[in-house]
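Chemist: what's the 3D shape of this:
(one chain, ligands or ions: 2)
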Amino acid sequence: MRTIAIVNQKGGCGKTTTTVNLAGALEADGHRVLVVDLDPQAHATLALGVDPDELDENLYEVLAEPGGEAQLAAVLVNVSERMDLAPSSIVLSALEQKLAAERQDARTLRVKTALEGLGAAYDFVLIDCPPNVGLLTFNALRAAQEVIIPLEASFFAIDGVQKLLETIGLLSDRLDNDVEVRILPTLYDGRTRYARQTLADIRELFKDLCFDTVIRMNVKLREAARNGVPISRYAPSANGARDYAAVAIEVEASPPRQADPLLADDELPELREVMVRYADTRAGDVRIAGDFNGWVPDKGVRSVIEAENGERVWTKILHLPPGTYQYRYVVDGEWREDPVNEKTAPSPTGRVNSVLVVR
Ligand SMILES: Nc1ncnc2c1ncn2[C@@H]1O[C@H](COP(=O)(O)OP(=O)(O)OP(=O)(O)O)[C@@H](O)[C@H]1O
Ligand SMILES: [Mg+2]
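Modeler: Ligands and ions are numbered 1, 2, ... in the order given. Got it, this is the predicted structure:
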């Protein structure tokens with residue numbers, strides 16, 4: 001079970017949208033997912049089609065009283081085939097005061113204890129946090145092994161960076177929980193030069209902490225929330241669905257991998273050098289990701305970039321044993337199939353991958 005907290009103290013940067021739609025994308029890939037709505041605004045609860053006012057019980061029952069953690073399973077709402085919700089309610093805003101007298105340690109471990117009680121019922125737990133770093137966010141950070149910080153790519157002011165770095169610093173210093181932090185650029189409008197520059201700045205600043213995927217502006221995301229379903233079900237071919245499916249692929253590819261057991265020299269497969277080329281007039285950054293590198297863009301790949309007839313050409317050099325491989329290009333954060341390769345295969349996410357045969 002991987003527990004991921006979606007955190008940023010800035011309001012309106014796409015936390016809830018990321019929680020609900022990443023959950024939808026992971027579910028579409030066959031995973032069992034639990035969404036924990038830790039925001040008293042209950043936006044994730046609403047976006048999953050559940051009216052908090054119509055429920056008798058919610059996370060308050062689980063978090064307010066010592067021992068309430070065991071109640072978690074009882075308050076869960078099943079929202080679709082492989083997705084459950086731990087619903088929020090406005091009463092969660094009273095929790096901070098209610099628990100004020102308790103020891104810091106006890107009151108920030110409530111969510112962690114509650115989740116541990118569920119055993120291995122889920123592959124992923126996604127926790128939506130409120131736009132502040134109070135008791136509820138602390139609970140999420142202590143329960144999670146991973147953190148995703150959605151970062152609005154359109155209005156990226158320097159104080160935003162500082163606040164964000166504070167959050168990251170706070171995670172490692174003040175909590176005895178070694179979380180892996182990643183930044184997800186959201187609300188990206190590629191038509192404006194300002195947004196493109198901002199995205200470049202974010203990448204420059206955060207480098208490997210950044211997802212390769214960028215979440216573009218897409219009104220269908222807003223509509224899906226209003227209709228109470230993740231976009232994977234509301235509009236599976238919309239950009240918003242594609243973007244969150246790409247985030248899901250990155251998340252799925254990211255757990256620490258087991259090293260291959262050491263092979264003796266004479267058992268090492270013979271590697272072939274393979275080159276694929278991608279030409280584009282506008283792209284700034286082109287990487288390749290496939291089953292050969294765990295879908296981690298450009299991992300283990302050498303790139304040569306040349307200018308040719310007004311286009312830039314990326315040559316990707318791979319060393320692979322004979323076999324059949326699937327891959328996609330990541331062009332400025334957008335996952336694309338190879339435009340000059342007719343061989344494709346359907347991927348589990350409902351899109352197609354390009355196919356490479358090495359003889
Ligand atoms: N990629 C997107 N394209 C278009 N609209 C979006 C996108 N992401 C989020 N929105 C919309 O922007 C608004 C804010 O997004 P969201 O609620 O996910 O942010 P949040 O960080 O959870 O906010 P809060 O801090 O209040 O909890 C919502 O109306 C949402 O539908
Ligand atoms: Mg929210």
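
Chemist: mind pulling up the phi and psi values for Phe292?
Modeler: Torsion angles at Phe292 (phi, psi; degrees, to the nearest 10) stand at phi -70, psi -20.

Chemist: Could you list the domains of the chain?
Modeler: Per the record, the chain has its domains at 2-253, 265-358, by automatic domain parsing.

Chemist: wait, which of these is closest to ligand 1?
Modeler: domain 2-253 (3.3 Å; C-beta to the nearest ligand atom). Quick note: C-beta positions are derived from backbone N, CA and C, even for glycine.

Chemist: Endpoint to endpoint, that closest one covers what distance?
Modeler: Domain 2-253 has an end-to-end distance of 13 Å (C-alpha to C-alpha, to the nearest Å).

Chemist: That domain: how far from the chain's middle?
Modeler: 9 Å (C-alpha atoms, centre = their mean, to the nearest Å).

Chemist: Same question for stretch 317-335.
Modeler: With C-alpha atoms, centre = their mean, you get 21 Å for stretch 317-335.

Chemist: For that stretch, the averaged confidence score.
Modeler: Averaging the model's pLDDT scores along stretch 317-335 yields 89.

Chemist: does that stretch come close to ligand 1?
Modeler: No. For stretch 317-335 and ligand 1, the contact criterion (C-beta under 6 Å from any ligand atom) is not met; the two come no nearer than 13.1 Å.

Chemist: Leu38 against Leu59, yeah?
Modeler: Yes. Here Leu38 reaches Leu59: they are 7.0 Å apart, a contact under C-beta atoms under 8 Å.

Chemist: What residues does the stretch 1-150 of the chain have near ligand 1?
Modeler: Gly11, Gly12, Cys13, Gly14, Lys15, Thr16, Thr17, Asp39, Gln41, His43, Pro131.

Chemist: In the protein, which residue sits nearest ligand 2?
Modeler: Thr16 (3.2 Å; C-beta to the ion).

Chemist: That residue - that's part of a helix, no?
Modeler: Yes. Membership of Thr16 in a helix is supported by DSSP: H, G, I helix; E, B strand; the rest coil.

Chemist: so how far is Val340 from it?
Modeler: 39 Å (C-beta to C-beta, to the nearest Å).

Chemist: who has more neighbours, these two?
Modeler: Thr16 (26 against 10; other C-beta atoms under 10 Å).

Chemist: and the stretch 1-150 of the chain, which residues reach ligand 2?
Modeler: Lys15, Thr16, His43 (C-beta under 5 Å from the ion).

Chemist: I'd like the distance between the last one and Thr17.
Modeler: The one in question is His43. 9 Å.

Chemist: shared neighbours of the two, anything?
Modeler: Ala225 (C-beta atoms under 8 Å, 6 or more residues apart in numbering).

Chemist: quick one: which of those two has more around it?
Modeler: Thr17 (28 against 19).

Chemist: Could you find the closest non-adjacent residue to the more buried one?
Modeler: Leu221 (5.5 Å; C-beta to C-beta, 6 or more residues apart in numbering).

Chemist: hang on, isn't the one you found packed against Gly240?
Modeler: Yes. Contact criterion C-beta under 8 Å: Leu221 and Gly240 qualify, at 4.1 Å.

Chemist: which one of these two has more residues nearby?
Modeler: Leu221 (29 against 25).

Chemist: tell me which element that one is part of?
Modeler: Assigned by DSSP states H and E, Leu221 belongs to helix 219-226.

Chemist: Find residues that contact each of Leu221 and Gly240.
Modeler: Joint contacts of Leu221 and Gly240 (C-beta under 8 Å, 6+ apart) are Asn21, Ile231.
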